[in-house]
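Peer 1: Following is a predicted model, sequence given first.
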Amino acid sequence: MSEYDFEDEGFGLSAEESGQNGKQGNGLRQYLDEISTQLKEMRAENAALKAEKTRADVENTLKAKGYAPAAAGLFTGTPDKLDDWLAANGGALAKLPEGEQGQGEVTPQGPPATTVSATDQAQMQRMQEAGTQGVLPPQGSEAELAQALKNARTPQEFAEIMRANGSQHNWT
């Protein structure tokens, strides 16, 4: 025999070490079977959830159009084909009483809800007012302002021009 003995299928390992007894190989197979079962269960659950959502969408659409939501059980198509189905079969469906007809999606009236508390809003308002109190926005172009500052003869005139153009510094 040579130094390399390939006659043994386990390449020099005993039957227990090489997995020839069949016990180690079954662990992976069992794991894959478990994963496969879980995947099938998840797919079935996903399909049921999709069907439930589709049915709820159809019920809401039927209610918004004035039909009894129970008619959703009769419709087997996709929600985008509901209008065609209603055109063909709508006359045979039960209508909702006038007071119960859905109005579709209702949009809230008034300004949108805020996430800033009332005290924080008041504080922000005070900060805005303090920042602009007694200050006018700049008047004219930068060149005009520069010319007016050059032409100021007294420090009081200079201070008046600066205050008129937004400076809060005390120039006197």
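Peer 2: Everything's here; your move.

Peer 1: Next, count neighbours for residue 65.
Peer 2: Residue 65 has 17 neighbours, counted by other CB atoms under 10 Å. For every residue, glycine as well, the C-beta is placed using N, CA and C.

Peer 1: brain fart, residue 75
Peer 2: By other CB under 10 Å, the residues close to residue 75 number 20.

Peer 1: repeat for residue 145
Peer 2: By the criterion of other CB under 10 Å, residue 145 has 16 neighbours.

Peer 1: isn't there a strand covering it?
Peer 2: No. Assessed with DSSP: H, G, I helix; E, B strand; the rest coil, residue 145 is helix; it does not lie in a strand.

Peer 1: longest single helix anywhere in the chain?
Peer 2: The residue-count maximum for a helix in the chain (DSSP state H) belongs to helix 23-64.

Peer 1: I'd like the average pLDDT over the host helix or strand of residue 124.
Peer 2: Applying DSSP states H and E as the criterion places residue 124 in helix 118-132. Averaging pLDDT along helix 118-132 yields 76.

Peer 1: then that helix to PDB, C-alphas only?
Peer 2: Only the C-alpha atoms of helix 118-132 are listed here, as PDB (Å, rounded to 0.1, in the frame of the first residue of the first chain):
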ATOM      1  CA  ALA A 118     -48.400  75.900  23.200                       C
ATOM      2  CA  THR A 119     -45.700  77.100  25.600                       C
ATOM      3  CA  ASP A 120     -43.000  76.500  23.100                       C
ATOM      4  CA  GLN A 121     -45.000  78.300  20.400                       C
ATOM      5  CA  ALA A 122     -45.400  81.300  22.700                       C
ATOM      6  CA  GLN A 123     -41.700  81.300  23.400                       C
ATOM      7  CA  MET A 124     -40.800  81.100  19.700                       C
ATOM      8  CA  GLN A 125     -43.200  84.000  19.100                       C
ATOM      9  CA  ARG A 126     -41.500  86.100  21.800                       C
ATOM     10  CA  MET A 127     -38.000  85.300  20.300                       C
ATOM     11  CA  GLN A 128     -39.200  86.400  16.800                       C
ATOM     12  CA  GLU A 129     -40.600  89.600  18.200                       C
ATOM     13  CA  ALA A 130     -37.400  90.300  20.200                       C
ATOM     14  CA  GLY A 131     -35.300  89.800  17.100                       C
ATOM     15  CA  THR A 132     -37.100  92.300  15.000                       C
END
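
Peer 1: Check which residues of it are buried.
Peer 2: Of all the residues in helix 118-132, not one is buried under the rule 16 or more other CB atoms under 10 Å.
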